[in-house]
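Engineer: Below is the structure, and that's it, no one-letter string:
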Ligand SMILES: Nc1ncnc2c1ncn2[C@@H]1O[C@H](COP(=O)(O)OP(=O)(O)OP(=O)(O)O)[C@@H](O)[C@H]1O
Ligand SMILES: [Mg+2]
């Protein structure tokens, strides 16, 4: 019986990656490898002001003194940092007026993803800043946003146009010395997005960026910076898929968020990079540093993520709750299948008085994958009346996968109230049979049960993103039950 | 419509069904009674294709098809419905989503298009009325946090939605209060037709006052040891099972 079930689960979880294809776009690349010269070249190609070169060099020099982290539950193969190309840009330069000017190959790529970068999307109120490899190709709706004083542009553009904001905020949440990959990113990042919401402005649309890794052997070092001034609000969506390939690709992004008094930022991610094939070969290494600081009183940051991709994921979106009464939230679904490894979680650092944090983490493991939640709740001495509630659930499909939960608590103020709940469950044969008896195939049953299990998190996503996320969950577990 | 011949089934090397013979014609209601552990639920599990149990011998035809050859979902789509003795909770899955998926799977099997949203909502409304189920139950996740009686009512609601050819009610009456019992029985009776058959598994004559059986069978130690008309239920209520046990103890 157990064997039977394993066979069925094998089939259901054996779904092949649907988005594996490769787009041929001419790339402008500099030679492989990393040294001070390469860092200078990147800065020069991008015609950056002196302060940025300094920023990069400092980070690079620091990086040279560091070694890659070694986490217990991730089995990370040695990465050769000299075998990576640190800059690649589409040859066509990004001065495009309409969709007609966008490279047809690129447009086809987006179509295949089912994420058409077309008029419909624009009409539906989503401004799309599409990032392919390292340079922003197309930014839409900038004018509408500009009317409200909102800045939404590529980080390179921001470095040119708004150097004061960049100087003030870049690296202020994730300093280059923070960790190995943060230092690397700070030295070599080539593009990403910048958002600034001025005082009192509610951004009228969801801001979204679709990331996509596309150049052979090009590590991607995205840099995102979001600043929400007093009483402002923005919802930002990030989603990505990558073409199938054999070499492992490194992705080491940084996302920094700053919220001032009473400001709120919602940051949602759907991540679906190539996870590697059934034997665990290939796939993206995803080492991301995402951190927000609630600087202002009563400010709020909410991270929502749906992670189904990557061979290895190492990611802990965090909130530093500095302002009094500030709120941090983390909603996460992490699905692992085959040989995927995920080590994700969050850090909630309570510094201000009456700060609150909420953690809802849902892990789904199938195949031979390993799925770990690692969360830190830290309450500093001065953080009177801090509150945290953590809910960490794991769902197992089959008995060859693993789920692990590592909650860390550091409480230095005895007025803190911290609650942690954790559950581990298996998809029950009884549940599947009940669905079968109502006419559902086992595959549909698993999809339904998993989507039910993660609903609390999916509900946090903006509507159209939620639909995409549900599809993605179904796809990533496809084949796991006959 | 259902013909069971010499059915033997086991779980973990323990033979539970030891030669069941039963024939059910369209429109008939059969009651199956018998002491705890006799194999009544096992029979319903085996008929609906629960893979926990292994069929070791015998045959079952359902509307001319070899039932044992069909997957559990195809048996359901062929029109077999089980009201579970212990309905399962599926957290986070809304009744609406669950039922729409189920209804559409049945339609697909029959080569029909998916039901439109408005038709579906109308269907839900009609059937809710039919079995007198509270809307706040159908707005919740499947059986999650339902009381015992609510779960049973929800089974009958699902039955009404799927309009099966053969419904097996496994102790649907246990856990129901007097009013709910009447409501559930009414629902079952309203769905009765000359083509639809029902197997009612119960311990109590009371239910059979409402759902009047054409035949009553006693299942004991994996066999049907006695079959008669509805008066048998009364006799059992009065005398218990001892006399039957004695007859078959050897
Ligand atoms: N998973 C199992 N493992 C071992 N034995 C089982 C299993 N399931 C059922 N049985 C046994 O099979 C026999 C028949 O059980 P079944 O549930 O069919 O009885 P029943 O007639 O429905 O009883 P009740 O009236 O109490 O509902 C019982 O002895 C029971 O213990
Ligand atoms: Mg029973």
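Structural biologist: Cool, got the structure. These numbers were taken from a predicted model, which means no experiment stands behind them. Ligands and ions are numbered 1, 2, ... in the order given.

Engineer: near chain B, which residues of chain A show up?
Structural biologist: Taking Cβ under 8 Å from any Cβ of the partner chain as the contact definition, chain A meets chain B at A:1, A:4, A:428-431, A:433-442, A:444, A:448-449, A:451-456. C-beta: built from backbone N, CA, C; applies to glycine.

Engineer: Buried ones among those residues?
Structural biologist: When the residues of chain A next to chain B are checked for burial by 16 or more other Cβ atoms under 10 Å in any protein chain shown, the buried set is A:429, A:431, A:433-442, A:444, A:448-449, A:451-455.

Engineer: Now intersect those residues with the helices, please.
Structural biologist: Residues of those located in helices (DSSP state H): A:429, A:431, A:433-437, A:442, A:444, A:448-449, A:451-453, A:455.

Engineer: For residue A:312, list each beta-bridge partner.
Structural biologist: residue A:285, residue A:341 (DSSP bridges).

Engineer: dump the residue contacts of the spatially most central residue of chain B.
Structural biologist: By Cα atoms, centre = their mean, chain B has its centre lying nearest to residue B:168, at 1.8 Å. Shown in contact with residue B:168 (Cβ atoms under 8 Å, 6 or more residues apart in numbering or on different chains): B:44, B:47, B:48, B:80, B:81, B:82, B:83, B:198, B:199, B:201.

Engineer: residues touching the nearest residue to the fifth one once chain neighbours are set aside, list them.
Structural biologist: Right, the one you point to is residue B:81. Leaving aside its chain neighbours, residue B:81 sits nearest to residue B:164 (3.5 Å; criterion: Cβ to Cβ, 6 or more residues apart in numbering or on different chains). Going by Cβ under 8 Å, 6+ apart, residue B:164 touches B:79, B:80, B:81, B:196.

Engineer: Quickly list what the second one is bridged to.
Structural biologist: The bridge-partner assignment for residue B:80, based on DSSP bridges, gives residue B:166.

Engineer: Could you report the neighbour count for it?
Structural biologist: By the criterion of other Cβ atoms under 10 Å in any protein chain shown, residue B:80 has 27 neighbours.

Engineer: With residue A:408 instead?
Structural biologist: Applying other Cβ under 10 Å, we find 11 residues neighbouring residue A:408.

Engineer: Now do the same for the residue lying closest to it once chain neighbours are set aside: helix, strand or coil?
Structural biologist: Distances taken as Cβ to Cβ, 6+ apart put residue A:376 closest to residue A:408, at 4.4 Å, once the chain neighbours are dropped. For residue A:376, the assignment made with DSSP: H, G, I helix; E, B strand; the rest coil gives strand.

Engineer: wait, doesn't residue A:376 sit right on residue A:418?
Structural biologist: No - judged on Cβ atoms under 8 Å, residue A:376 makes no contact with residue A:418 at a distance of 11.3 Å.

Engineer: Need the residues touching each of these two.
Structural biologist: residue A:409.

Engineer: list the contacts for the residue in chain B that chain A sits nearest to?
Structural biologist: Nearest to chain A, among the residues of chain B, is residue B:92, at 3.0 Å (Cβ to the nearest Cβ). By Cβ under 8 Å, 6+ apart, the contact list for residue B:92 reads A:451, A:452, A:453, A:454, A:455, A:456, B:141, B:144.

Engineer: likewise residue A:430?
Structural biologist: Applying Cβ under 8 Å, 6+ apart to residue A:430 gives the contacts residue B:88.

Engineer: That one and residue B:56: what is the separation?
Structural biologist: Relative to residue B:56, residue A:430 is positioned 23 Å away (criterion: Cβ to Cβ, to the nearest Å).

Engineer: low-scoring stretches of chain B, by residue?
Structural biologist: Where chain B drops to pLDDT under 70, the residues are B:249-250.

Engineer: Is the residue of it found nearest ligand 2 part of a helix or strand, or is it coil?
Structural biologist: As assessed by Cβ to the ion, ligand 2 sits closest to residue B:41 within chain B, at 3.1 Å. Following three-state DSSP, residue B:41 is assigned to helix.

Engineer: Distance check, it against residue A:389.
Structural biologist: Applying Cβ to Cβ, the value for residue B:41 to residue A:389 is 41 Å.

Engineer: Then residue A:308?
Structural biologist: For residue A:308, the distance to residue A:389 - Cβ to Cβ - is 26 Å.

Engineer: Name the residue in those two with the higher neighbour count.
Structural biologist: With neighbours defined as other Cβ under 10 Å, residue A:308 and residue A:389 compare such that residue A:308 has more, 25 against 15.

Engineer: is it true that residue A:474 touches residue A:448?
Structural biologist: No - using Cβ under 8 Å, residue A:474 makes no contact with residue A:448, being 9.2 Å away.

Engineer: from memory residue B:68 sits against residue B:59, does it?
Structural biologist: Yes - using Cβ under 8 Å, residue B:68 makes contact with residue B:59 at a distance of 6.9 Å.

Engineer: Spell out which parts of chain B neighbour chain A.
Structural biologist: Contact residues, chain B versus chain A (Cβ under 8 Å from any Cβ): B:48-52, B:71-73, B:75-77, B:81-82, B:84, B:87-88, B:90-94, B:97-98, B:101-102, B:105-106, B:109, B:141, B:158, B:162.

Engineer: please redo it, this time with the cut-off set to 6 Å
Structural biologist: Taking Cβ under 6 Å from any Cβ of the partner chain as the contact definition, chain B meets chain A at B:48, B:50, B:72-73, B:76-77, B:82, B:88, B:90-93, B:101-102, B:105-106.

Engineer: Please identify which of these is nearest to ligand 1.
Structural biologist: Closest approach between those and ligand 1, by Cβ to the nearest ligand atom: residue B:50, at 9.8 Å.

Engineer: Inside helices: which ones of the residues of chain B next to chain A?
Structural biologist: Per DSSP H, helices hold the following members of the residues of chain B next to chain A: B:48, B:72, B:73, B:76, B:77, B:101, B:102, B:105, B:106.

Engineer: okay if I get those residues as TSV plus neighbour count?
Structural biologist: Formatted as TSV, these follow (neighbours: other Cβ atoms under 10 Å in any protein chain shown):
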residue	neighbour count
B:48	21
B:72	25
B:73	24
B:76	26
B:77	21
B:101	20
B:102	22
B:105	20
B:106	22
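
Engineer: Pick out whichever of those sits closest to residue A:462.
Structural biologist: Taking Cβ to Cβ as the measure, residue A:462 lies nearest residue B:101 of those, at 24.2 Å.
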